[in-house]
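*Asks:* Got a sequence here, can you model it:
(one chain, ligands or ions: 1)
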Amino acid sequence: MNLETRQLDKAFSRQKAVDAVTLTVTSGTIHGLLGSNGAGKTTFMKLLSGIYKPDRGEVLYDGSPVFEHPDIKDDVLFLNDIPYFFNGATLESMGRFYKSMYPRWSQKRFVQLAEHFSLDIKKPLSQLSKGMKRQASFVLAFSARPKVLLLDEPFDGLDPIVRRQVKNIMMQDIANHEMTVIASSHNLREMEDLCDSVSIMHEGKLLFHRDLNEIKGSHCKLQIAFNTLPEERFYREMGVVHHEVKGRVITCIIKGDMKHIEEKVTKYHPLMYDILPLSLEEIFAYEMGEKGYEISNIIVE
Ligand SMILES: Nc1ncnc2c1ncn2[C@@H]1O[C@H](COP(=O)(O)OP(=O)(O)OP(=O)(O)O)[C@@H](O)[C@H]1O
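*Replies:* From the prediction side, this is the model:
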């Protein structure tokens, strides 16, 4: 299912938690929503799931507004960062509830996944550890087979092995059923490995939205030394978008692939040079810096 928001606004009292957010996420892809505490991620997810009504703007699933088509909610599942279960519930009784809510519920999958994660479906969920509760909520979500899965900081509290297992199941559902996923996180590196596209939220606004396949390999870092520092023409001809000089060594960020840069750089007869790929974090730091934001203030890791 394709997801689109147009100019979404949501304020609490006077403070805008979500401010004019426009975003498109294509069916069968994973989108990472990054941002610091209080950036507006949870509020945005609640707007997407129809829990909150926007003050302005629209949430569209395959072109239909969520509020005019309440049946869309059968297809959209929101997994809160704090798993919510009814008082005294077991995984079995929560399963019955989910089954009544989600028409594509698979009992077979529910039993298989509970077994896979070694969860006793008859045990009160209140007696499980934090990570086990999180696993239980994933078992419910994956058994419900939603078309759109909204995950608020989904991997917090899961150990690395379970984290990998959960991601693998999610990737299978995306590949086999074209499930669309939006996952919020503080962790850019985790999202980098998982997502097709990412955006950064800050003070309610969506600052930055990028397709990861497009930006990976789009920039390089060139470290280069000369006897005498080059003239302005060098930066222009090399396509340098940012540079820093320390003594005779210049560190440049260049748009373009490594091979192309190497061909050009040798013409300047440098003393030495090294071309390195840029990590996603470095690309973001540069692009955000261009907009006047310090990335370390926005994303923790
Ligand atoms: N129910 C509410 N009533 C009043 N203010 C709220 C409410 N929910 C959120 N806010 C405010 O809206 C802003 C955005 O909060 P939100 O929970 O969406 O951020 P977040 O990006 O999910 O943060 P975190 O990473 O800490 O979970 C914050 O300033 C918060 O105080």
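*Asks:* Tell me how the chain divides into domains.
*Replies:* 3-214, 218-277 (automatic domain parsing).
*Asks:* Report the separation between the two terminal residues of the last one.
*Replies:* Start-to-end span of domain 218-277 (C-alpha to C-alpha, to the nearest Å) is 9 Å.
*Asks:* Check the model's average confidence along that domain for me.
*Replies:* Taken as a whole, domain 218-277 has an average pLDDT of 90.
*Asks:* Format the domains of the chain as JSON lines; extra columns: distance to the ligand and mean neighbour count.
*Replies:* Every residue, glycine included, has its C-beta placed from N, CA and C. Converted to JSON lines, these look like this (distance: least, C-beta to the nearest ligand atom, whole Å; neighbours: other C-beta atoms under 10 Å):
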{"stretch": "domain 3-214", "distance to the ligand": "3", "mean neighbour count": "18"}
{"stretch": "domain 218-277", "distance to the ligand": "27", "mean neighbour count": "14"}
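*Asks:* Least reliable of those by average pLDDT, please.
*Replies:* Among those, domain 218-277 scores lowest, with a mean of 90.
*Asks:* what distance separates that domain from the middle of the whole chain?
*Replies:* 32 Å (C-alpha atoms, centre = their mean, to the nearest Å).
*Asks:* Then stretch 55-74?
*Replies:* 21 Å.
*Asks:* Send me it as PDB with only the CA atoms.
*Replies:* Taking Å, rounded to 0.1, in the frame of the first residue of the first chain, the C-alpha atoms of stretch 55-74 are listed here in PDB:
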ATOM      1  CA  ASP A  55      -5.300  20.000  12.500                       C
ATOM      2  CA  ARG A  56      -4.600  20.400   8.800                       C
ATOM      3  CA  GLY A  57      -3.500  18.200   5.900                       C
ATOM      4  CA  GLU A  58      -4.200  14.700   4.800                       C
ATOM      5  CA  VAL A  59      -3.100  11.100   5.300                       C
ATOM      6  CA  LEU A  60      -3.700   9.000   2.100                       C
ATOM      7  CA  TYR A  61      -3.400   5.300   1.700                       C
ATOM      8  CA  ASP A  62      -3.400   4.300  -2.000                       C
ATOM      9  CA  GLY A  63      -4.900   7.800  -2.600                       C
ATOM     10  CA  SER A  64      -7.800   7.400   0.000                       C
ATOM     11  CA  PRO A  65      -7.900   9.700   3.000                       C
ATOM     12  CA  VAL A  66      -7.600   7.600   6.200                       C
ATOM     13  CA  PHE A  67     -10.400   9.500   8.000                       C
ATOM     14  CA  GLU A  68     -13.000   9.100   5.200                       C
ATOM     15  CA  HIS A  69     -12.300   5.300   4.900                       C
ATOM     16  CA  PRO A  70     -12.200   3.800   8.400                       C
ATOM     17  CA  ASP A  71     -11.800   0.300   6.900                       C
ATOM     18  CA  ILE A  72      -8.200   1.300   5.900                       C
ATOM     19  CA  LYS A  73      -7.400   0.800   9.600                       C
ATOM     20  CA  ASP A  74      -7.800  -3.000   9.100                       C
END
